[in-house]
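[1] Pasting a predicted model and its sequence here:
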Amino acid sequence: MNLKNIFNKKKIIVTGHTGFKGSWLTLWLKLFGAKVIGLSNDIPSRPSHFKALNLKQKIIHKKLDIRNLGLLKKTFVKYQPDFVFHLGAQALVKKSYSDPSYTWQTNTIGTLNVLESLRLLKKNCIAVLITSDKSYKNLEIKRGYHENDILGGKDPYSASKASAELVIQSYLSSFFPKEDTKVHIGIARAGNVIGGGDWSDNRLIPDCVKSWSKNKKVLIRSPKSTRPWQHVLEATWGYFVLAAMLKKNKKLHGEAFNFGPNTRNYKVISLVQLIEKYWKGISWKVIKKNKKDFHESDLLKLNCNKSKTKLNWSSILSFKETIRLSVDWYKNYYISSNNVYKYSASQIEFYQKLLKKRLYKR
């Protein structure tokens with residue numbers, strides 16, 4: 001699938017472009033030749049993949065809070081985007097406990113504001129709204145959640161994402177009916193995404209690399225918890241494919257799609273032990289679970305058969321390849337100090353070559 005032909009020279013609004021996933025998605029769009037308009041209220045981490053890439057100088061960068069409906073509407077009207085990728089969010093479970101109001105306003109009302117802004121467009125536009133695997137009511141089941149499973153959430157983050165989904169469904173019925181709309185919308189739910197350039201607080205790999213880069217021991221909580229560890233490029237490619245297929249087949253309008261790894265879930269401790277094979281000299285200490293001061297699901301898994309069948313999307317990286325790509329990126333940053341833009345672009349190029357070999361065989 002040649003997505004460069006689809007995104008080249010197109011005007012694309014990306015909310016949350018300064019974040020971990022947003023910066024990778026923005027870089028990839030730039031490599032496709034797109035004209036990116038990035039909207040974000042801040043740079044969420046220090047260090048920052050966005051800053052390391054110097055993306056501010058390569059796109060139209062707007063400091064904008066998606067809670068500001070008036071300003072958001074003006075921006076959509078001004079730029080008249082061909083595509084919208086909505087990633088803007090308060091993305092951390094722990095922070096949702098310390099600041100639930102901000103979490104709800106950003107994740108739920110922010111999504112509503114994006115939909116309100118899309119209503120003002122009088123041209124064809126494809127919008128991919130990214131929510132979360134935590135939108136599902138977590139019953140700790142092993143079969144993997146299907147797109148039509150019940151939504152819910154015990155913590156403010158999960159509940160705010162599930163509520164954003166309800167807002168989307170309401171707007172699809174009320175303002176973007178299939179039979180009469182120029183704006184076509186897809187919903188993307190991705191699993192636990194990892195990769196180089198993530199420095200978010202209270203996330204496993206960022207916590208590890210921040211400690212190990214200073215030769216410190218990292219503290220590991222919930223070592224037996226399992227996650228569907230997925231490289232950021234896998235999920236990002238899924239978002240692109242959804243947008244492309246939605247442009248081609250308007251019947252997909254309003255549908256939700258899961259994007260998760262083909263590999264089985266792995267325990268936190270298994271991931272750390274594998275990292276040790278690629279990054280010598282690291283150390284860690286397991287914290288007793290009763291010291292954990294907030295609720296977080298122990299088991300999360302997505303069933304991605306729908307994405308495979310309707311989008312011809314499937315993850316292609318093994319667990320070891322996912323970890324190796326992530327570790328190599330951080331080692332390049334902390335040890336080799338090579339050009340971050342060039343190195344990140346090279347990982348995208350490597351992944352695209354693997355896609356041709358493994359998924360799009362010709």
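    Received it, and whenever you're ready, just let me know what you need. Numbering: from 1, shown residues only.

[2] And what about Ile37, helix, strand or coil?
    strand (DSSP: H, G, I helix; E, B strand; the rest coil).

[3] Check what pLDDT it gets.
    Among the per-residue scores, Ile37 holds a pLDDT of 98.

[4] what secondary structure does Asp207 sit in?
    Per three-state DSSP, the secondary structure class of Asp207 is helix.

[5] helix, strand or coil for the residue nearest to Leu252 when sequence neighbours are not counted?
    Take Leu252 and drop its neighbours on the chain: the residue closest to it by C-beta to C-beta, 6 or more residues apart in numbering is Leu246, 5.0 Å away. The C-beta positions use only the backbone N, C-alpha and C, and glycine is treated the same way. Following three-state DSSP, Leu246 is assigned to helix.

[6] give me every residue that touches Leu246.
    Leu246 sits next to 126, 128, 184-186, 252-253 when contact means C-beta atoms under 8 Å, 6 or more residues apart in numbering.

[7] Adding pLDDT, write those residues out as JSON lines.
    Formatted as JSON lines, those follow (pLDDT from 0 to 100):
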{"residue": "Ile126", "pLDDT": "98"}
{"residue": "Val128", "pLDDT": "98"}
{"residue": "His184", "pLDDT": "98"}
{"residue": "Ile185", "pLDDT": "98"}
{"residue": "Gly186", "pLDDT": "98"}
{"residue": "Leu252", "pLDDT": "97"}
{"residue": "His253", "pLDDT": "98"}
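
[8] Which one (most neighbours) among the residues you listed?
    The member of the contacts of Leu246 surrounded by the most neighbours (other C-beta atoms under 10 Å) is Ile126, with 25 neighbours in all.

[9] Tally up the residues packed near Ile348, please.
    So Ile348, with other C-beta under 10 Å, has 16 neighbours.

[10] which residue packs closest to it, ignoring adjacent ones?
    Excluding the flanking residues, the one nearest Ile348 by C-beta to C-beta, 6+ apart is Trp28, at 5.6 Å.

[11] List the buried residues for the helix or strand harbouring that neighbour?
    Using DSSP states H and E, Trp28 sits within helix 20-32. Buried residues in helix 20-32, counted by 16 or more other C-beta atoms under 10 Å: 20-30, 32.

[12] where along this structure do the strands fall?
    For the chain, strands defined by DSSP state E occupy the ranges 11-15, 35-40, 60-63, 83-86, 125-130, 183-190, 193-194, 218-220, 226-227, 230-231, 256-259, 266-267, 284-286.

[13] burial of Arg203, as a residue count?
    19.

[14] Find the nearest non-adjacent residue to it, please.
    Nearest in space to Arg203, with sequence neighbours left out and distances taken as C-beta to C-beta, 6+ apart, is Leu92 at 7.5 Å.

[15] Now for the closest residue to Phe240 other than its chain neighbours: which residues touch it?
    Nearest in space to Phe240, with sequence neighbours left out and distances taken as C-beta to C-beta, 6+ apart, is Leu3 at 5.3 Å. Counting by C-beta under 8 Å, 6+ apart, Leu3 touches 32, 240-241, 244.

[16] same deal with Asn8?
    32-34.

[17] As a markdown table, the residues you listed with pLDDT and distance to Trp104 would be great.
    Below are those laid out as a markdown table (pLDDT from 0 to 100; distance: C-beta to C-beta, whole Å):
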| residue | pLDDT | distance to Trp104 |
| --- | --- | --- |
| Phe32 | 98 | 34 |
| Gly33 | 98 | 37 |
| Ala34 | 98 | 32 |
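
[18] quick one on the thing from earlier: okay if I get the strands of the chain as a markdown table plus distance to Trp104?
    Shown next, in a markdown table, are these (distance: least, C-beta to C-beta, whole Å):
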| stretch | distance to Trp104 |
| --- | --- |
| strand 11-15 | 17 |
| strand 35-40 | 19 |
| strand 60-63 | 22 |
| strand 83-86 | 16 |
| strand 125-130 | 17 |
| strand 183-190 | 19 |
| strand 193-194 | 22 |
| strand 218-220 | 29 |
| strand 226-227 | 25 |
| strand 230-231 | 26 |
| strand 256-259 | 21 |
| strand 266-267 | 31 |
| strand 284-286 | 33 |
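
[19] Mean pLDDT lowest where, among the ones you listed?
    Of all the strands of the chain, mean pLDDT reaches its minimum on strand 226-227 (a mean of 82).

[20] so Ile126 sits right up against Ala243, yeah?
    Yes. At 5.1 Å, Ile126 and Ala243 qualify as touching, with contact defined as C-beta atoms under 8 Å.
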